Each structure stands twice: as C-alpha cells, then as structure tokens.
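Asker: Take this sequence and fold it.
(one chain, ligands or ions: 3)
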Amino acid sequence: MYQAVAAGAEPEYKPTKFKVRVLLVDDQLLVVEAVRRMLADQADIEFHFVTDPNQALDCAQRLQPTVILQDLVMPGVDGFDLIRRYREQQNSAHVPVIVLSAKDEPKLKAHGFAVGANDYLVKLPDRLELLARVRYHSGAYISRLQRDEAFKFLRESQKQLAEANIELQKLAALDSLTGIANRRRFDETLAHEWQRGQRERRPLSLLLCDIDCFKLYNDTFGHLAGDLCLKKAAAVMTACLKRPADLAARYGGEEFAIVLPDTDAAGARQLADECIRNLADLAIDNPRSDHGVVTMSIGVATFVPSVDASPADLIAGADKALYGAKGDGRNRAVSAVE
Ligand code: GH3
Ligand code: MG
Ligand code: MG
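Answerer: Ligands and ions are numbered 1, 2, ... in the order given. Got it, this is the predicted structure:
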C-alpha cells in the first residue's frame, strides 16, 4: 500500500506499483499448461491457476489478481455462477474477468457479459491476442486501484490537515509560558463578550491583575524562578474561575486579565479577593517585597456594555483601579467607581 507518513515530514504520495497478476480458473490441466506457456516469458506477468472450481472464489480473494481467466464448463460448478459470485465479493467485485470458453456462440458471449464478464475468448486463444487482452484489462484495473489509493491518501491528508489546523488554532490562542489564554485570545474574548453583554444587557466584569514587586522577585531569585512563579500565579487564577465562560489570560509580562461575562461588580470583587488570598496563601518567598511573599493587586471594572462605551473603556477602568490598589499598599483589590 502507499507509504506511511513519517512523523514531522511532509506527507508524500507514492503510488504502489501493481504487477499484472493472472488467475486462471480451469479444470483442464492441458489448458492450464497451454496458458502458462503463453505467459511464461513475460517478466511483468505473474501466473496463478486453480483447477478445482470450488477454490476459485477463495483464491481470488487471497491472491488479488488483476485479471481472471474463467472457464465456463467445470465439474459441479457453472462458470457464469462463479462470475456472479466474484462480483458479490468486495475484493473481487471489480476484477476484470475474461471468459475462456470452448464455444464461439454469440448467446453465450452475451450472457457472459450480462453476468459481469469483461471479455470473451475462445479456447485456445492466440498467444499475442491473449497477452494483449490480459495487459489491457489488467492495466485498466490497476489504474482503478491507483485512483482509489490516491483518493484514500487525499482523504487521509485532508483529515490530518484539519486536525493539525485545530491543534494550531488552539496553540495560537495559548501563552507558551503559563499555558493559559494569551493576549490575542483575551482581545477576541473581550470583544465577543462585549457584544453579547450589549445584546443581552448583562454586566461584564474585567479584572486586571499584576504581581506585586515582581522585579524584586526576579532580582532575588533569577528569571527562571520568576517564570515558575508566573506559572503558579496563572494556576491560582484559573482555579478560581467558576463558570465555563470565564477566561483567565496572560495580558503581558507579570500582568493577567480575567474576563467575567454576566457578572456584576460584587461578584467580580469576590473573585478578585479570592485570587489574591489564594496566591498569598501559597506563601512563595519574596523577602524584599512589601508583604514578604508573592502577592498581587487587582483592579476590577464592571460595565453593562452599550454603544456609548467600548472594551477599551472597561480596560481603562480596571487599569485605573489597579493603579489605586498599588497606591493603597498592594495585595488588594480595588473596584472602579462607575
Ligand atoms: P509593582 O508591584 O509595582 O507591580 O512592581 P513590579 O516590580 O511587579 O513591576 P515592574 O513593572 O517594575 O516590573 C515587572 C517585572 O516583571 C519586570 C520584568 O522583568 C518582570 N517580568 C515580566 N515578564 C516576565 C516573564 O515572563 N518572566 C519573568 N521571570 N519576569 C517577567
Ligand atoms: Mg506590571
Ligand atoms: Mg507588578
């Protein structure tokens, strides 16, 4: 079958090279021997045969011939019946069948085609003619197999591409350090929730969170420890969220933003206080800071979105409140006054 896709590599389609494979079904060894000789010196043709017609169907399934040469009169089995049965089996449904008949009768020929045969030759055929017909029918069948294979490859490539796109979209929305939503996702979500709040006339709250004295933390423990601290802070905020529509995002540097749709000022404030408490409770040492441990300050703003305001106004309100929280001594939340 076609080449498997190597991990990380471009999927490359390499069509399988199918060989011409002849299956002769005839109870007379004399005929088998004659056909075998006609095909013997052809390097591109494989020859197989069965003399017991009861094994023909199984053999066709197993062998996957590109053409079947089918005798009509065999002990206990009718060649026409056998052709019908090839057509019913998935693996042999489209394999070309050339009837090899002792009789040159138009009625028999017509019947052969009617039950699904593709060609009719009178025994024993001329060698050149047999070769030409075997190659012609096999070639058509091989083209069909290659077309099916190419379609299958295409379908699988499309599926892989769609999966990769979904994965890429997810990654493009995440902050690589903390694993929470990034600024782009925050911007999209805020715009979306603003629209929704406006339609539904429901309050939308925003928390802007800033780690306190984080420069001192970095100066004391180094940037790697600082990165780890940011991951912990992100985890604290994510754990505080209660509704599926709530979103915690890294806003930039050591600043985070939490979007709370359908949440009033009191509810937003409650969540802000909980985040602050839970971060302080981790008791991450920050010896040169105001409070001795890593803390954060949060500015809270709540709007019922309207055409008279914009998401930027909500951000500006939360930012101003955050500034107030820093001025008031940090490790606290301040709510914007409307
Ligand atoms: P304040 O309490 O007033 O917010 O003081 P601060 O020190 O937290 O604020 P400032 O804006 O002076 O410093 C922010 C620091 O955050 C400086 C910067 O190096 C650090 N920082 C920003 N992004 C990252 C990051 O991704 N990793 C690490 N380790 N540090 C970061
Ligand atoms: Mg800052
Ligand atoms: Mg800070």
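Asker: So which bits of the chain are right by ligand 2?
Answerer: By C-beta under 5 Å from the ion, the residues of the chain that approach ligand 2 are Asp210, Glu255. Every residue, glycine included, has its C-beta placed from N, CA and C.
Asker: Spatially central, which residue of the chain would that be?
Answerer: With distances taken as C-alpha atoms, centre = their mean, the residue of the chain nearest its centroid is Glu163 (2.6 Å).
Asker: is it fair to say that one lies in a strand?
Answerer: No: membership of Glu163 in a strand is not supported by DSSP: H, G, I helix; E, B strand; the rest coil, which gives helix.
Asker: Could you report the separation of it from ligand 3?
Answerer: 39 Å (C-beta to the ion, to the nearest Å).
Asker: Going forward, count from 18.
Answerer: Let's use 18 as the start, then, which means that last one is Glu180.
Asker: Could you report the neighbour count for the nearest residue to Asp302 once chain neighbours are set aside?
Answerer: Using C-beta to C-beta, 6 or more residues apart in numbering and skipping the chain neighbours, the partner closest in space to Asp302 is Val310 (6.3 Å). Neighbour count for Val310, taken as other C-beta atoms under 10 Å: 18.
Asker: and if you look at Tyr103?
Answerer: The burial count assigned to Tyr103 is 24, neighbours taken as other C-beta under 10 Å.
Asker: if I look at it, how far off is ligand 3?
Answerer: Counting by C-beta to the ion, the gap from Tyr103 to ligand 3 is 77 Å.
Asker: Just confirm that residue contacts Ala110, I think it does.
Answerer: Yes: in this structure Tyr103 lies within contact range of Ala110 using C-beta atoms under 8 Å: 7.3 Å.
Asker: And Phe35, how far from Leu162?
Answerer: Distance, Phe35 to Leu162, using C-beta to C-beta, to the nearest Å: 6 Å.
Asker: how about the helices in this structure?
Answerer: 46-56, 73-80, 96-105, 123-132, 144-189, 200-217, 231-238, 240-257, 282-298, 328-344 (DSSP state H).
Asker: Export those helices as CSV, with columns for mean pLDDT.
Answerer: Putting the helices of the chain into CSV (pLDDT from 0 to 100) gives the following:
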stretch, mean pLDDT
helix 46-56, 97
helix 73-80, 96
helix 96-105, 97
helix 123-132, 97
helix 144-189, 95
helix 200-217, 97
helix 231-238, 98
helix 240-257, 98
helix 282-298, 98
helix 328-344, 98
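Asker: now those helices in CSV, with distance to Ala265?
Answerer: Converted to CSV, these look like this (distance: least, C-beta to C-beta, whole Å):
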stretch, distance to Ala265
helix 46-56, 73
helix 73-80, 59
helix 96-105, 60
helix 123-132, 69
helix 144-189, 16
helix 200-217, 9
helix 231-238, 17
helix 240-257, 4
helix 282-298, 9
helix 328-344, 14
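Asker: Quick check: the residue of this structure nearest ligand 2.
Answerer: Ligand 2 sits closest to Asp227 of the chain, with a gap of 4.5 Å, by C-beta to the ion.
Asker: Give me the neighbour count for that residue.
Answerer: Neighbours around Asp227, by other C-beta under 10 Å: 20.
Asker: how about the residues of this protein near ligand 3?
Answerer: Asp227, Ile228, Phe231, Glu271.
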